[in-house]
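Novice: sequence and predicted structure, then a few things I'm wondering about:
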Amino acid sequence: QAQLVESGGGSVQAGDSLRLSCTTSGRWFSSYAMGWFRQAPGKEREFVAAISREGATIKYADSLKGRFTISRDNAKNAVYLQMNSLKPEDTAVYYCAGNFAGWNPSPRRSDYRYWGQGTQVTVSS
């Protein structure tokens, strides 16, 4: 089953932290690279972070390095995004996605086969 379910979004103040989670019941999870993307109103969906199937390789969008941390727990079929020092410009719908090429934490949307429905993150100043 390909369903990905995100959770952990919400409304916070600037400077706060949130931890997003993404889970699936699919047996494919541990063999896939996983990524987080986000889409703000009126903007393109953009890359946030990605992690290879065993967590050995991680990539971040340059603008987010140091504030966001991606991790995964294959025993729980879960991938996480820890977001610290949140800013109003982080306001977006956050999506997790699965990439068949498990070795490749790609920043390209087109490399991802499975997508969740998204979770809203709103940061107020």
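Specialist: Sure, I can see it.

Novice: so how far is Tyr95 from the residue most central in space within the chain?
Specialist: Nearest residue to the geometric centre of the chain (Cα atoms, centre = their mean): Trp36, 2.3 Å. Relative to Tyr95, Trp36 is positioned 7 Å away (criterion: Cβ to Cβ, to the nearest Å). To be clear about C-beta, it is placed using only N, CA and C from the backbone, and glycine gets the same treatment.

Novice: again, but for Pro41
Specialist: 14 Å.

Novice: who's more crowded, these two?
Specialist: Neighbour count, other Cβ atoms under 10 Å: between Pro41 and Tyr95, Tyr95 has more, with 23 against 7.

Novice: where does the more buried one land on pLDDT?
Specialist: pLDDT for Tyr95: 98.

Novice: what do you get for Gln3?
Specialist: Reported pLDDT for Gln3: 88.

Novice: over to Thr122?
Specialist: 98.

Novice: now do the same contact list for it.
Specialist: 10-12, 91 (Cβ atoms under 8 Å, 6 or more residues apart in numbering).

Novice: strands of this protein, start to end?
Specialist: 5-7, 10-13, 18-23, 33-39, 46-51, 58-60, 68-73, 78-83, 92-99, 114-115, 119-124 (DSSP state E).

Novice: looking at the ones you listed, which is closest to Pro105?
Specialist: Among these, strand 46-51 comes nearest to Pro105, with 3.4 Å by Cβ to Cβ.

Novice: what residues of the closest one count as buried?
Specialist: Applying a neighbour-count criterion of 16 or more other Cβ atoms under 10 Å, the buried positions in strand 46-51 are 47-51.

Novice: fine by me, we can end here.
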